[in-house]
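> turn this into a model:
(one chain, ligands or ions: 1)
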Amino acid sequence: MPAKTVNDIVALCKRRGFIFTGSEIYGGLGGAYDYGPYGVELMKNIRNAWWNSMIYSRNDIEGLDAALISNRLMWKYSGHEASFSDPLVECKKCGARMRQDKMRDPTKCDNCGSTEITEPRAYQLMMGLSIGAMADGAINAYLRPETATTTYVNFKNVLDAKPHKLPFGIAQIGKAFRNEISPRGFVFRMREFEQAEMQYFVNPSDDEKYFEMWKATRLAWWIDTLGIPAEKLRFLPHEKLAHYAKAAVDIEYEFPDGFDEVEGVHNRQDFDLGSHTKSQDEFEIHAKVLDNKDSTTKLAYSDPQSGESFIPYVIETAMGVNRAMLAVMIEAYTEEDLGDGKSRIVLKLKPWLSPVKAAVIPLARNVPELLEISNNIENDLRKLGIGRIELENSGNIGKNYRRHDEIGTPVCITVDHQTIEDGTVTLRYRDTMDQVRVPIADVPSKVLEIVKQ
Ligand code: ATP
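Numbering: from 1, shown residues only. Below is the predicted model of the structure:
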C-alpha cells in the first residue's frame, strides 16, 4: 500500500538521505530543500526518462539549457512583471498571510479560523535581482519563474542552428524560482524548484490537434514510464484561463490528501512569440533613433515552401520534477508486516528508477578474503555503467538489508564463507525477499536483467 501521509515520505527522506531542509543548521529557509545522495540519483533518473522521451526517442524536439538569471525586459514583455502574481490576503486577527485561491475556505483564516480577512492584493511572485557593479539596488534582472519564456526568446537561435519544419519543439529541464506566499506539502510547493518543460511550435490551424496529442502523450508517460497507476491520475481542465492561454489542463495525481497538479498542458497560442516580437519592434524604433543600429529579432517562422512568414502557436507541456519524484516515492512506499511483531518499510521503485542499483555485502566485517571477493564483484558491476553500486562493510547484514529496502535497491549480493569455498553468492531480492545462490560469474548478467525492468 502506498504512503498514507506525506509525513511518512518526509521522515524517510531525512533518515535515508533523499531530501534535507535547506539551510537546516541555520534554522531552515521556507520553500528550499537540499537533495542528498539518494535524492539526486532519483531526480536524475526521472530527468533522464523525460529527456529520453522528449529528445532521444523523437526527431522533432531540440534540447536547451538557458540561464536562470535573465534581463528584466524579458519578463516585462512576457507579461510576467505586470501579471505573474497570486492573490494575497491577510488575517486581521493572527496576521497569517495566505494565497486566497488555495485557502481551505476563502472566508476563514487557515490558521485561526477568524473571518476577518483583508481584501486580496496582487503579490508579485518573481524574485528580482540587482546585479553588476553599476547596479544601484534597483531590479535589473530576475530569477526565471519558469523555463518557458527562456525557451521562446531562443526560438530563432535554435531554428537557425537546426532548421525544422513545423511542428517542432524545444525542451528544457532546469530550476525555476517563485516567491510563493505559502510553501507547503514538503517539496510540493517550493520557492526554488525544477521544471521539465517542452514548447511545441505548430501551425495555428493545427493547435487543437496537437493539444490533444500532448495531453494523451504526457498522461501515458506518467503511467507507462513512471509506473503511476492510471486511476491515481486525472485531467482537470482550467476554468479560468491565464492571459495567454486558449486552453489549459492540469494532470493531477492523487496525493494522500487529495488530487493536485503535477503537470500542465497549455495552448499558449502566439502570445509569447508575438509579444517578444512586438517588443523588438519597439527596440527597432529606439535603435534607429538612438544610433541607427538595427538590433532586433523577429520570432517568426518562414515556411520554406510558401515563403509565408507567421508566428506559430505553442503547445506547452510543463512538469514539476520535484512533484514527480514525490509522487513516485509515495507510490513506491510500502509498509510490510513480516509476522512475529516485525515489519519493514520498502521502497518498491521500478529498478531503473532506484538510486542504488545493487549493494554488495560481505557477511562478516573486515575479513580480507570476503572483502576482496566483494570488491571484485563491485568492480565488475561498476563496469556495466548502470549507475550507483554500493559496498557495505559494516558486518550487520540485517541493518544493511533494511537500509537498502528503504532506499529501494532492487537486489543485494551477499558474500559469505561458502563463497570462498564454491564461488557462489546469495542474491536477495528487495520485493519478495527471496534469496537464491548463483555463481559469481552470473552476477553481472542477473543484475542487468533486474535493472532493465
Ligand atoms: P500552481 O497552480 O500549483 O501554483 P502552476 O499552475 O502555476 O502551479 P505551472 O506554471 O504550470 O504551475 O508550472 C508547471 C509545473 O511546475 C506544475 O505543474 C508543477 O508541477 C511545477 N510547479 C509549479 N510551481 C511549483 C512550486 N512552487 N514548487 C514545486 N513545483 C512547482
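> quick check: bridge partners of the closest residue to the ligand within the stretch 301-450 of the chain?
Relative to the ligand, the nearest point of the stretch 301-450 of the chain is residue 320 (2.2 Å; C-beta to the nearest ligand atom). All C-beta atoms are positioned from the backbone trio N, CA, C, and that covers glycine. Residue 320 has these beta-bridge partners by DSSP bridges: residue 195.
> looking at this protein, which helix or strand is least sure?
helix 271-291 (a mean of 70; mean pLDDT, DSSP states H and E).
> next SSE downstream of it?
strand 301-302 (DSSP states H and E).
> for that next one, packing partners?
strand 309-310 (3 or more C-beta pairs under 8 Å, 6 or more residues apart in numbering; DSSP states H and E).
> quick one: the strand it packs on to chain centroid distance?
With C-alpha atoms, centre = their mean, to the nearest Å as the basis, strand 309-310 stands 34 Å off its chain's centre.
> what does stretch 213-226 give?
For stretch 213-226, the gap between its own C-alpha mean and the chain's C-alpha mean amounts to 15 Å (C-alpha atoms, centre = their mean).
> that stretch: end-to-end distance?
19 Å (C-alpha to C-alpha, to the nearest Å).
> and for that stretch, what's in contact with it?
With C-beta atoms under 8 Å, 6 or more residues apart in numbering as the test, stretch 213-226 has contacts from 46, 49-50, 53, 200, 228-230, 233, 235, 249, 251, 253, 262-263, 265, 315, 317, 319, 324, 327-328, 350, 353.
> in strands, which of those residues appear?
200, 233, 235, 249, 251, 253, 262-263, 265, 315, 317, 319 (DSSP state E).
> of these - the most surrounded one?
Neighbour tally across these (other C-beta atoms under 10 Å): the maximum, 29 neighbours, falls on residue 315.
> the residue most central in space within the chain: what's it in contact with?
Per C-alpha atoms, centre = their mean, the C-alpha nearest to the average position across the chain is that of residue 321, at 0.7 Å. When contacts are counted by C-beta under 8 Å, 6+ apart, residue 321 touches 43, 46-47, 50, 173, 193-196.
> now, which of the residues you listed lie close to the ligand?
193, 195 (C-beta under 6 Å from any ligand atom).
> nearest to the ligand, of the contacts of residue 321?
residue 193 (3.5 Å).
> any idea how far that closest one is from residue 27?
Taking C-beta to C-beta, to the nearest Å as the measure, residue 193 and residue 27 are separated by 21 Å.
> do the same with residue 49
Where residue 27 is concerned, residue 49 sits at a distance of 36 Å (C-beta to C-beta).
> ok, the two, which is more surrounded?
Between residue 49 and residue 27, residue 49 has the larger neighbour count (other C-beta under 10 Å), namely 18 against 7.
> that one: what's it in contact with?
Applying C-beta under 8 Å, 6+ apart, we find residue 49 in contact with 225-226, 352-353.
> list the buried residues of stretch 210-218.
By 16 or more other C-beta atoms under 10 Å, the buried positions in stretch 210-218 come out as 210-211, 213-215, 218.
> just stretch 24-36 next, same as before
31-33, 35-36.
> secondary structure added to those, as TSV?
Output for these, formatted as TSV (DSSP: H, G, I helix; E, B strand; the rest coil):
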residue	secondary structure
31	coil
32	coil
33	strand
35	strand
36	coil
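> pLDDT and distance to residue 380 for those residues - can I get that in JSON lines?
Formatted as JSON lines, these follow (pLDDT from 0 to 100; distance: C-beta to C-beta, whole Å):
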{"residue": "31", "pLDDT": "96", "distance to residue 380": "43"}
{"residue": "32", "pLDDT": "97", "distance to residue 380": "40"}
{"residue": "33", "pLDDT": "98", "distance to residue 380": "36"}
{"residue": "35", "pLDDT": "98", "distance to residue 380": "29"}
{"residue": "36", "pLDDT": "98", "distance to residue 380": "27"}
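> give the contact list for the spatially closest residue to residue 116 that is not a sequence neighbour.
Counting by C-beta to C-beta, 6 or more residues apart in numbering, residue 116 lies nearest to residue 92, which is 4.0 Å off, once chain neighbours are set aside. With contacts defined as C-beta under 8 Å, 6+ apart, residue 92 is in contact with 114, 116-118.
> of the residues you listed, which is the most crowded?
That'd be residue 117 among the contacts of residue 92, by other C-beta under 10 Å, with 19 neighbours.
> what's across from the spatially closest residue to that residue that is not a sequence neighbour in the sheet?
Using C-beta to C-beta, 6+ apart and skipping the chain neighbours, the partner closest in space to residue 117 is residue 89 (5.1 Å). On the basis of DSSP bridges, residue 89 is bridged to residue 98.
> could you count how many residues lie near residue 89?
Using other C-beta under 10 Å: residue 89 sits among 21 other residues.
> contacting residues for it?
Contacts of residue 89 by C-beta under 8 Å, 6+ apart are 97-100, 103, 117-121.
> mind putting those in a markdown table, distance to the ligand and pLDDT included?
Formatted as a markdown table, the contacts of residue 89 follow (distance: C-beta to the nearest ligand atom, whole Å; pLDDT from 0 to 100):
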| residue | distance to the ligand | pLDDT |
| --- | --- | --- |
| 97 | 16 | 92 |
| 98 | 14 | 91 |
| 99 | 8 | 92 |
| 100 | 13 | 92 |
| 103 | 14 | 91 |
| 117 | 20 | 94 |
| 118 | 21 | 94 |
| 119 | 21 | 93 |
| 120 | 16 | 93 |
| 121 | 18 | 93 |
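> which among the residues you listed count as buried?
98-100, 103, 117, 120.
> what's the pLDDT at residue 144?
We have a pLDDT of 98 for residue 144.
> that one: neighbour count?
Applying other C-beta under 10 Å, I find that residue 144 has 26 neighbouring residues.
> repeat that for residue 308.
For residue 308, using other C-beta under 10 Å, the count is 10.
> what's the neighbour count on the nearest residue to it once chain neighbours are set aside?
With C-beta to C-beta, 6+ apart as the criterion, residue 308 has its nearest non-adjacent residue at 7.2 Å, and that residue is residue 302. Residues lying near residue 302 (other C-beta under 10 Å) number 11.
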